[in-house]
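J.: with the input below, show me the fold.
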Amino acid sequence: MMAVFLTLLQVLAVIIVSVTALLFVLKTWMQGPKFRPKSPISLAGKVVVITGANTGIGKVCAYEMAHRGGKVIMLCRNYIRGQLAAEEIRSKTSNGEMLVVECDLSSLSSVRLCVATLLTMVDHIDILLNNAGVCMLPYSITEDGIETTMAVNHFGHFLLTNLLMPLLQNTQILGLKSGNKCTARVVVVSSLIHDKGKLHLEDLNYQLSCYVPVQAYYDSKLANIMFAKELSKRLGNNSGVNVYALHPGVIATDLGRHFKEISSVLNFLSQLCYPLLKTPESGAQTSLYCCLEESLRCESGKYYSDCKVKQPDKIVENSQLAEQLWQVSERITGLSPQGTCTEIFQGVLDLEEGTDDLPLHFSQGALDTPLVYAQA
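T.: I've put the predicted structure just below:
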């Protein structure tokens, strides 16, 4: 009897060791490759703007940019949490140029106020990392009448990126004046599951269909990658701004914090898998790759995963859908497709009481430049 018991213990021990080893290998594999530049990258004199930078992969990217000497502007919904994260990064990097600007991407007026603030702070932007996102939200409508997941993940970033385009394009202008060829980058965090998106443009608020939280997330991620591709197309080859979309991986962040509000079973499964997921540090690698990799400076409009180019789902090649999404996005955000920068920013400036002068870094002539893309 004792011999049988000992045999069972040995078998159990072998099983435990084998499962532990398997889980370790699986977790290691899940982390993916690291971004390893061929030579040290300095961001001295560069301006980096990151949405959702107080937590998760956004915070990791903010740290890496600050560590390389960049001026990092963290756009955060919660200003206090943003300041706490910025102070932590300052203490680790000794970089005093860590700035926080409040930006609630679910509010179009908040996005406009954020842009107005940035206009008074910097005269150019080298890197815009559209990182913030929400997932599995219960159904809700924002103050602008937009379903919240799509508002935060797509429409807020669409408006932010377009309003910041003069600052992004100014990177090339200032570079040419100093004898350097500089190109700004817009990096959009999408997801592998964009292939499950549907994008019914006539029903983006899910009023004609049943709202399913995960489907709203799928749709928003498809909107992200289609926006990036269409933006690259409209900018053309000589705009001085390159655009990249990426899949960061399945990451152990607080993105799934709303799971428990949707389903206790889903929440349990997510907690069970949590230890196997990518760490925020591993999840940030492709974002860093798209932001910093020197070999990508001549690329635009492509999609990346695990620090290399990846072919997106064929729906992303639907140019008609991409153009329609752009037009709908312009209408919903109130963005003028062919207005001057002055017209676009006037509404921003009017929000600040007593603002009579144009922002410090832009002359009237610069603001009157038409905001027209290379390909309409």
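J.: what about Lys38, neighbour count?
T.: 8 (other CB atoms under 10 Å). The way it works is simple: take the backbone N, C-alpha and C, and place the C-beta from them, glycine included.
J.: you'd agree Met165 is up against Val241?
T.: Yes: counting by CB atoms under 8 Å, Met165 touches Val241, with 7.2 Å between them.
J.: just the C-alpha atoms of stretch 311-329, please, in CSV.
T.: Extracted in CSV, the C-alpha atoms of stretch 311-329 (Å, rounded to 0.1, in the frame of the first residue of the first chain):
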residue,chain,number,x,y,z
GLN,A,311,0.0,41.5,-43.0
PRO,A,312,-3.3,42.9,-41.6
ASP,A,313,-6.7,41.3,-42.4
LYS,A,314,-7.9,41.9,-46.0
ILE,A,315,-10.7,44.1,-44.8
VAL,A,316,-8.1,46.8,-44.1
GLU,A,317,-7.5,47.0,-47.8
ASN,A,318,-11.1,48.1,-48.4
SER,A,319,-10.3,51.7,-49.5
GLN,A,320,-14.0,52.6,-49.9
LEU,A,321,-14.7,51.7,-46.3
ALA,A,322,-11.6,53.5,-45.1
GLU,A,323,-12.7,56.7,-46.9
GLN,A,324,-16.2,56.4,-45.6
LEU,A,325,-15.0,55.9,-42.0
TRP,A,326,-12.8,59.0,-42.5
GLN,A,327,-15.8,61.1,-43.7
VAL,A,328,-18.0,59.9,-40.8
SER,A,329,-15.2,60.6,-38.3
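J.: now do it, average pLDDT.
T.: For stretch 311-329, mean pLDDT rounds to 96.
J.: stretch 9-23 now?
T.: Here the average pLDDT along stretch 9-23 is 64.
J.: can you check stretch 224-234 too?
T.: 97.
J.: now stretch 176-195
T.: The predicted model assigns stretch 176-195 a mean pLDDT of 89.
J.: end to end on it, go ahead and measure it.
T.: 40 Å (CA to CA, to the nearest Å).
J.: work out the gap between it and the centre of the chain.
T.: Here the centre of stretch 176-195 is set off from its chain's centre by 11 Å, with CA atoms, centre = their mean, to the nearest Å.
J.: again with stretch 153-169
T.: Stretch 153-169 has its C-alpha centroid displaced from the chain centroid by 11 Å (CA atoms, centre = their mean).
J.: same question for stretch 108-118.
T.: On CA atoms, centre = their mean, the centre of stretch 108-118 falls 17 Å from that of its chain.
J.: buried stuff in that stretch?
T.: For stretch 108-118, a neighbour-count test (16 or more other CB atoms under 10 Å) marks Leu108, Ser110, Val111, Arg112, Leu113, Cys114, Val115, Ala116, Thr117, Leu118 as buried.
J.: same question for stretch 124-140.
T.: 124-137.
J.: what's the answer for stretch 328-336, then?
T.: Val328, Ser329, Ile332, Thr333, Leu335.
J.: check contacts around the fourth one.
T.: Thr333 makes contact with Leu108, Phe155, Phe158, Leu159, Asn162 under the criterion CB atoms under 8 Å, 6 or more residues apart in numbering.
J.: give me the subset of the residues you listed lying in helices.
T.: Leu108, Phe158, Leu159, Asn162 (DSSP state H).
J.: reformat these as a markdown table; add pLDDT and distance to Thr171.
T.: Below are these laid out as a markdown table (pLDDT from 0 to 100; distance: CB to CB, whole Å):
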| residue | pLDDT | distance to Thr171 |
| --- | --- | --- |
| Leu108 | 97 | 25 |
| Phe158 | 98 | 20 |
| Leu159 | 97 | 20 |
| Asn162 | 97 | 16 |
